[in-house]
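Colleague: Fold the following for me, if possible:
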Amino acid sequence: MADDNKCLGFCCGCELIKTNRVLCEDDFTIPGPFTFFNTIDNPFPSQAVEIDKENTKVSIISTGCRTKFIEKTGKFEVTFLGFLICESIAIKKVSGGAPKIVEFPVSRICQDFTFTFKKCKIDRKCIEEGLTPKCQLESISGEDTLSIVGDNDGETIKIKQAIKNIKLEMKLDQIVQLLVQLCQQAPGTLTVK
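Modeller: Numbers count the residues shown, from 1 in each chain. A predicted model of the protein is given here:
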């Protein structure tokens, strides 16, 4: 019977693996607004223009975040977030016709914030051992209001941008080493009659 498991292809072993352990997840909203102004050359000089919002593309990219452990509560706070805003603005003549795309300079949002992971409590040992958890942004969305400020028919036009209601799905995790048992499925048992 000692060799039954071996004959059936059943084997066990332990392996030391390194993996990310998720400590908590939470959603946050940054109300804003964050306002920017850009002056660009009118792609249709001396003609009245407007922003073609259907063909305008705006994307937001995370550049990182920082966290801080709060001794009193045993929880982590997000203390800093950074974003890059990339825009391709479609400008069209008020009288109609195909739009022209204008690439805006990259805008940056770098600001101190205070958000607490409410559903997450960290074991003090994790901090003592230097296993500091890190925050990761899983998804970002928001609203961007674009408008032309002043005259819309000059050689240049001024565009106002107001970014607000940035919604974040964030995760707090840490890299840990675990000793795990790797096994194939154990054989079943047949009743002898």
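
Colleague: give the contact list for L172.
Modeller: Residues near L172 by Cβ atoms under 8 Å, 6 or more residues apart in numbering: 22-26, 67, 76, 117, 120, 133-136. Every C-beta, even on glycine, is put in place using the N, C-alpha and C of the backbone.

Colleague: pull the CA atoms of the host helix or strand of T67 into CSV?
Modeller: Taking DSSP states H and E as the criterion, T67 maps to strand 57-70. Coordinates of each C-alpha in strand 57-70 appear next as CSV, following Å, rounded to 0.1, in the frame of the first residue of the first chain:
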residue,chain,number,x,y,z
LYS,A,57,-10.7,62.0,-27.1
VAL,A,58,-9.5,62.6,-23.5
SER,A,59,-7.6,60.0,-21.5
ILE,A,60,-6.3,60.0,-17.9
ILE,A,61,-3.3,57.9,-16.8
SER,A,62,-2.1,57.3,-13.3
THR,A,63,1.5,58.2,-12.5
GLY,A,64,1.4,56.6,-9.0
CYS,A,65,0.2,57.0,-5.5
ARG,A,66,1.5,57.0,-1.9
THR,A,67,0.1,55.6,1.3
LYS,A,68,0.7,56.2,5.0
PHE,A,69,0.0,53.9,7.9
ILE,A,70,-2.0,55.5,10.8
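
Colleague: Okay, now the sheet partners of the longest strand seen in the chain, with direction.
Modeller: In terms of residue count, the longest strand belonging to the chain (DSSP state E) is strand 156-183. Sheet neighbours of strand 156-183, with direction, are listed as strand 12-30 (antiparallel), strand 34-41 (antiparallel), strand 134-149 (antiparallel) (DSSP bridges).

Colleague: Now distance to K92 too, for those, in a markdown table please.
Modeller: Formatted as a markdown table, the strands paired with strand 156-183 follow (distance: least, Cβ to Cβ, whole Å):
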| stretch | distance to K92 |
| --- | --- |
| strand 12-30 | 31 |
| strand 34-41 | 14 |
| strand 134-149 | 12 |
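
Colleague: who wins for proximity to V49 among the ones you listed?
Modeller: strand 134-149 (7.5 Å; Cβ to Cβ).
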